[in-house]
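# need a structure here:
(4 chains)
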Number of protein chains: 2
Amino acid sequence: MATRKEVARMAGVSEATVSRVLNGVGPIKESTRRRVLEAAEKLNYQLNAVAASFARGRSGNIGVVLPHVPKVHLFSTYYFAEILSGIGEAVQGGETGGGLLLLYRKPGEAYDYVSLFRSRRVDACLILGASSLEPERQSISRLADEGVPFCVVDQRFAEDPRIPTIVADHVEGTYRAARLLLDLGYRRIGFLNGAPQYSNSRDRLAGYRKALEEAGIGGEAVPVFEGNYSRKSGYEAAEAVHREMHRLDAMLCANDRMAIGLIQGLRERGCRIPRDLPVVGYDNSDAAALFDPPLTTVEVPFFEMGKLAAERLIKRLSGNAGEEETFQAVLPTRLVIRSSSPIREENESE
Amino acid sequence: MATRKEVARMAGVSEATVSRVLNGVGPIKESTRRRVLEAAEKLNYQLNAVAASFARGRSGNIGVVLPHVPKVHLFSTYYFAEILSGIGEAVQGGETGGGLLLLYRKPGEAYDYVSLFRSRRVDACLILGASSLEPERQSISRLADEGVPFCVVDQRFAEDPRIPTIVADHVEGTYRAARLLLDLGYRRIGFLNGAPQYSNSRDRLAGYRKALEEAGIGGEAVPVFEGNYSRKSGYEAAEAVHREMHRLDAMLCANDRMAIGLIQGLRERGCRIPRDLPVVGYDNSDAAALFDPPLTTVEVPFFEMGKLAAERLIKRLSGNAGEEETFQAVLPTRLVIRSSSPIREENESE
DNA sequence: CACAACAATGTACACGCGTACATTATGGCA
DNA sequence: TGCCATAATGTACGCGTGTACATTGTTGTG
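Residues are numbered from 1 along each chain as shown, chains lettered A, B, ... in the order given. Next up, the predicted model:
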């Protein structure tokens, strides 16, 4: 394995000159540059990236921290897949040379993000699938203390404005979805939510409640169910939903997968969708369009969220540090009307 | 930022002792260990992973090289999502401490894998979505020359037995699927394949042809179409398929997404599935079960392939090197019968 | 008690690079 | 020619760790 020293010797220059040629630093005579490059070529020299990272004090890659749930195919989840695709798009476009370092954490537990930086394994870090549970919140908070570049995707920490976040406007999303059903004349609209430790779950609930309250429908008149965003949990919720059927005339779900599971479960109980019960999903995943019936749902720009988050980090790494150090962006959602809700002459989007 | 030296000073020992305590190497007096750990704790010391990698000559993470196609949401692809999920499962279970380093390459181009190792950025490497195109084949071949741990997933290089691969038995997969249609009485079975630069495409074609030949159906009697595994390409293929309808009485597709696109396109031309034309997919993606009609398809253990590939690398890294250096595994596929093919009393699986 | 065996720790250096600073060529101008 | 600014290159060192080897305690055995 050739090293810088050998290249220097063959080219008849000092190691520093080799380094300068390879990094394009400082003025170099053209003939020298050629000699060095030829020597490097001839020796099949390859810069040791780890040594360079060590000398620079930076690893050159961006960390992406994901929750690991055994047996769950995380990447096959529309939510994570889209966010990650967006992140990938950004790092590819950014030409950082470095890669994405995928790291797993146990959800709910404290993860030592600070060590991640202290150990120089990442220069910046994106946090996906975080919750508001105290251990997680604290460890993310410590990251803010540290002043390092990071960003939490789709999870707000309203109480700590120093935590940079990029979220979607889920309040508006479920508000619109609920309004659609209300405008169609439904009053007893149930809600199947995900776990409340996620701010995005709580936001969805808030938007739903807001719409109902505006329509003068009391808080406890309509039941709220809880799943975990999996198809299975929606399927299992069908039992409870079916039991409460007399108090319901429509269902709103916090994501498409649960909506699909719910519909499958309700069908097994003889329920026809949307005739007996309109069901509205959320996310506008691929499955929403393919399912029978195609789901009315809310489109969320997960791809763009990931892309934006990564771009911000990359920009902050490669230049003007410090400015707009903490940012909190909220991206809009969009209602998509299909046939799991009754068709009527409504505005197709917006 | 505390360093080893300071810990050593505070604990009243040498740096070497600190290192030994932290790495659990050699005999250490219990009282010393405690003093060191206390000092490290008190100073909030964090080992510099980059420096350690540098000293060890290993980075501690596993590279995953993916094709990057602009605007394509790679992770949202069932194929890549499942393989990556499997890889994630393996690295999580393996407790390597290190992470997955995601790296992008331009498909079809030569990628300098060797540099990846020479630069010490990865200790091992998984290659996804590779093709048999000459530049790619060569650069992967060079990796084999190098003798480093790597594995190509779902792409064979039959001509070079030194290249470790894990593939699915796609020949058997399409053979079974074609046999299903033949057994149902169909003779003029068309095939919509992916791009032929992938061995998995060619294998699918081979299985399909094998079944037809066994049934005494000549090579050119039935048309073969080509897409690129996207839903859109299947949708666009509908035109050609519809044009050739008189020569067809069933269609086999190289993946579910194309099958779905094809069905959507055919429907727009007034074609009913499966009554007018049975369509069989491939992959058994989530969409296959959700689509209307649910697709008859071939299940492929992508998750297991990724998991197995990663496990092999991890095993090879963390111990007995050299043995079974190159391995080529072939995992079985499984026919899944749903209603995009006519129902008859067939064996549901196997 | 002498000595070996081993436990416990210290010393010293390599790892390959980036870069601050020192030094030497080069060219323009008075 | 002499002088200075700048180009071009060399020297020297730090980065923080792992670890081979040397050294110093400790224990057991004859």
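# middle-most residue in chain A, spatially?
For chain A, the residue nearest the mean C-alpha position is residue A:83 (4.2 Å; C-alpha atoms, centre = their mean).
# ok, now which ones touch that residue?
Counting by C-beta atoms under 8 Å, 6 or more residues apart in numbering or on different chains, residue A:83 makes contact with A:128, A:153-154, A:302-303, A:305-306. In short, each C-beta sits where N, CA and C put it, glycine included.
# Kindly indicate which of the residues you listed lies nearest DNA strand D.
residue A:128 (28.5 Å; C-beta to the nearest atom of the strand).
# Can you name the residues that contact the closest one?
Residue A:128 touches A:64-67, A:80, A:83-84, A:153-154, counting by C-beta under 8 Å, 6+ apart.
# do the lowest-mean-pLDDT helix or strand in chain A and DNA strand D meet at all?
Comparing helices and strands within chain A by mean pLDDT, DSSP states H and E singles out helix A:113-118 as the least confident, with a mean of 87. No: Helix A:113-118 stays out of contact with DNA strand D when judged by C-beta under 7 Å from any atom of the strand, the minimum separation being 9.3 Å.
# Please identify the buried residues of that helix?
Going by neighbour count (16 or more other C-beta atoms under 10 Å in any protein chain shown), the buried part of helix A:113-118 is A:113-114, A:116-118.
# What of stretch A:40-49?
A:40, A:43, A:45-49.
# if we look at DNA strand C, which of those are close to it?
A:47-48.
# Beyond the helix or strand hosting residue A:262, next helix or strand please.
According to DSSP states H and E, residue A:262 maps onto helix A:256-268. Toward the C-terminus, helix A:256-268 is succeeded by strand A:279-280 as the next helix or strand (DSSP H and E).
# Let me know the average pLDDT across that following strand.
Averaged over strand A:279-280, pLDDT sits at 98.
# Quickly check: that strand near chain B or not.
No: residues of strand A:279-280 contacting chain B under C-beta under 8 Å from any C-beta of the partner chain: none, with a closest distance of 14.1 Å.
# Contacts made by that strand with the rest, please.
For strand A:279-280, contacts defined as C-beta under 8 Å, 6+ apart pick out A:177, A:180-181, A:250-253, A:259, A:262-263, A:266, A:273, A:295-298, A:340-341.
# tally of neighbours for whichever residue of chain A sits closest to DNA strand C?
DNA strand C sits closest to residue A:4 of chain A, with a gap of 2.8 Å, by C-beta to the nearest atom of the strand. Counted by other C-beta atoms under 10 Å in any protein chain shown, the residues lying close to residue A:4 total 18.
# same question, residue A:270
8.
# residue contacts, the residue in chain A that chain B sits nearest to?
Chain A approaches chain B most closely through residue A:292 (3.3 Å), counting by C-beta to the nearest C-beta. For residue A:292, the contact set (C-beta under 8 Å, 6+ apart) comprises B:290-292.
# again, only using 10 Å
Listed by C-beta atoms under 10 Å, 6 or more residues apart in numbering or on different chains, the contact partners of residue A:292 are A:260, A:263, A:273, A:339-340, B:290-294.
# Pull out the buried residues from the residues you listed.
Applying 16+ other C-beta under 10 Å to those flags A:260, A:263, A:273, A:340, B:290-291, B:293-294 as buried.
# circling back to that earlier point, from the buried residues of stretch A:40-49, which two are the most distant?
Farthest apart among those by C-beta to C-beta are A:43 and A:49. That separation is 17.2 Å.
# okay, the residue of chain A closest to chain B: pLDDT?
Residue A:292 is assigned 93 on the pLDDT scale.
# So it versus residue B:208, what's the distance?
28 Å (C-beta to C-beta, to the nearest Å).
# likewise residue A:235?
As judged by C-beta to C-beta, residue A:235 and residue B:208 stand 35 Å apart.
# More neighbours: which of these two?
A count of neighbours by other C-beta under 10 Å puts residue B:208 above the other of residue A:235 and residue B:208, at 27 against 20.
# wait, what's in contact with the residue nearest to residue A:156 when sequence neighbours are not counted?
Among residues not flanking residue A:156 along the chain, residue A:199 sits closest, at 4.2 Å (C-beta to C-beta, 6 or more residues apart in numbering or on different chains). Going by C-beta under 10 Å, 6+ apart, residue A:199 touches A:130-132, A:152, A:154-158, A:165, A:167, A:170, A:206.
# Which of the residues you listed fall in strands?
A:152, A:165, A:167 (DSSP state E).
# Check those for burial and list the buried ones.
A:152, A:165, A:167.
# The helix or strand residue A:103 falls within to strand B:100-105, inter-axis angle?
When elements are assigned from DSSP H and E, residue A:103 belongs to strand A:100-105. Between strand A:100-105 and strand B:100-105, the angle comes out at 150 degrees (axes from the mean of the first three to the mean of the last three C-alpha atoms, to 10 degrees).
# For strand A:100-105, output the C-alpha coordinates as PDB.
Extracted in PDB, the C-alpha atoms of strand A:100-105 (Å, rounded to 0.1, in the frame of the first residue of the first chain):
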ATOM      1  CA  LEU A 100     -24.300   8.800   5.000                       C
ATOM      2  CA  LEU A 101     -23.600   6.900   8.200                       C
ATOM      3  CA  LEU A 102     -26.700   5.000   9.300                       C
ATOM      4  CA  LEU A 103     -26.900   4.400  13.000                       C
ATOM      5  CA  TYR A 104     -29.600   2.700  14.900                       C
ATOM      6  CA  ARG A 105     -31.000   3.500  18.300                       C
END
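# Tell me how far that strand lies from the chain's centre.
Strand A:100-105 has its C-alpha centroid displaced from the chain centroid by 13 Å (C-alpha atoms, centre = their mean, to the nearest Å).
# ok, now stretch A:148-168?
With C-alpha atoms, centre = their mean, you get 12 Å for stretch A:148-168.
# just to revisit the earlier point, now the buried ones among the contacts of residue A:292 as a markdown table including distance to residue A:60?
Formatted as a markdown table, those follow (distance: C-beta to C-beta, whole Å):
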| residue | distance to residue A:60 |
| --- | --- |
| A:260 | 41 |
| A:263 | 47 |
| A:273 | 51 |
| A:340 | 47 |
| B:290 | 41 |
| B:291 | 43 |
| B:293 | 49 |
| B:294 | 46 |
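# okay if I get these as CSV plus distance to DNA strand D?
Below are the buried ones among the contacts of residue A:292 laid out as CSV (distance: C-beta to the nearest atom of the strand, whole Å):
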residue, distance to DNA strand D
A:260, 49
A:263, 54
A:273, 59
A:340, 56
B:290, 49
B:291, 52
B:293, 58
B:294, 54
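# Out of those, which is nearest to residue B:317?
residue B:290 (38.9 Å).
# show me what contacts the residue nearest to the closest one when sequence neighbours are not counted?
Take residue B:290 and drop its neighbours on the chain: the residue closest to it by C-beta to C-beta, 6+ apart is residue A:291, 4.8 Å away. With contact set as C-beta under 10 Å, 6+ apart, residue A:291 has these partners: A:256, A:259-260, A:263-264, A:281, A:285, A:297, A:338, A:340, B:287, B:289-292.
# List just the nearest of those residues to residue A:124.
Nearest to residue A:124 among those: residue A:285, at 28.3 Å, using C-beta to C-beta.
# count of neighbours near residue A:1?
12.
# which ones are touching it?
A:43-46, A:48, B:57, B:117-118, B:120.
# what do you get if the cut-off is 7 Å, keeping everything else the same?
Contact analysis of residue A:1 by C-beta atoms under 7 Å, 6 or more residues apart in numbering or on different chains lists residue B:118.
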